[in-house]
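K.L.:
dropping a prediction and its sequence here:
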Amino acid sequence: MYFAGRLESKNTEEYKDAARFAKDLGLSECVTDMLHMSDTELEHEKYFLSVIVDRWILRPVTLFYNGVRHHFMVHS
């Protein structure tokens, strides 16, 4: 679940980048879809955090992987 949340977090940012690129290219019809997909990925990220937030293993794993729990909490 932890790694699924990390993946969703990266996807969120990639969809925002895609929306920005679409706008720059004049593909305005794609911008709304990309932003909607980014929001959906954020909901997935929040779900995965909710599943693991109270697990004892979360703290050592997040320390090992550069404080991703903090990243989750900032985006929540």
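P.N.:
Looks like it came in fine. Residues are numbered from 1 along each chain as shown.
K.L.:
okay, which residue of the chain is out on the far edge from center?
P.N.:
Farthest-out residue of the chain from its mean C-alpha position, per Cα atoms, centre = their mean: Gly26, at 25.6 Å.
K.L.:
and the pLDDT at that one?
P.N.:
Per-residue pLDDT puts Gly26 at 96.
K.L.:
and it, helix, strand or coil?
P.N.:
At Gly26 the chain is in coil, as set by DSSP: H, G, I helix; E, B strand; the rest coil.
K.L.:
so who does it touch?
P.N.:
Residues near Gly26 by Cβ atoms under 8 Å, 6 or more residues apart in numbering: none. For glycine as for every other residue, the C-beta is placed from the backbone atoms N, C-alpha and C.
K.L.:
the residue nearest the centre of the chain: which element?
P.N.:
The residue lying closest to the centre of the chain (Cα atoms, centre = their mean) is Ser9, at 2.0 Å. According to DSSP states H and E, Ser9 maps onto helix 2-24.
K.L.:
what do you get for Glu45?
P.N.:
Under the criterion of DSSP H and E, Glu45 resides in helix 28-52.
K.L.:
please point out which parts of that helix sit buried.
P.N.:
Buried residues in helix 28-52, counting neighbours by 16 or more other Cβ atoms under 10 Å, are found at Val31, Met34, Leu35, Met37, Ser38, Glu41, Leu42, His44, Glu45, Phe48, Leu49, Ile52.
K.L.:
from Tyr47, how far out is the spatially closest residue to Glu13 that is not a sequence neighbour?
P.N.:
Nearest non-adjacent residue to Glu13, counting by Cβ to Cβ, 6 or more residues apart in numbering: Ser38, 7.9 Å away. Using Cβ to Cβ, to the nearest Å, one gets 15 Å for the distance from Ser38 to Tyr47.
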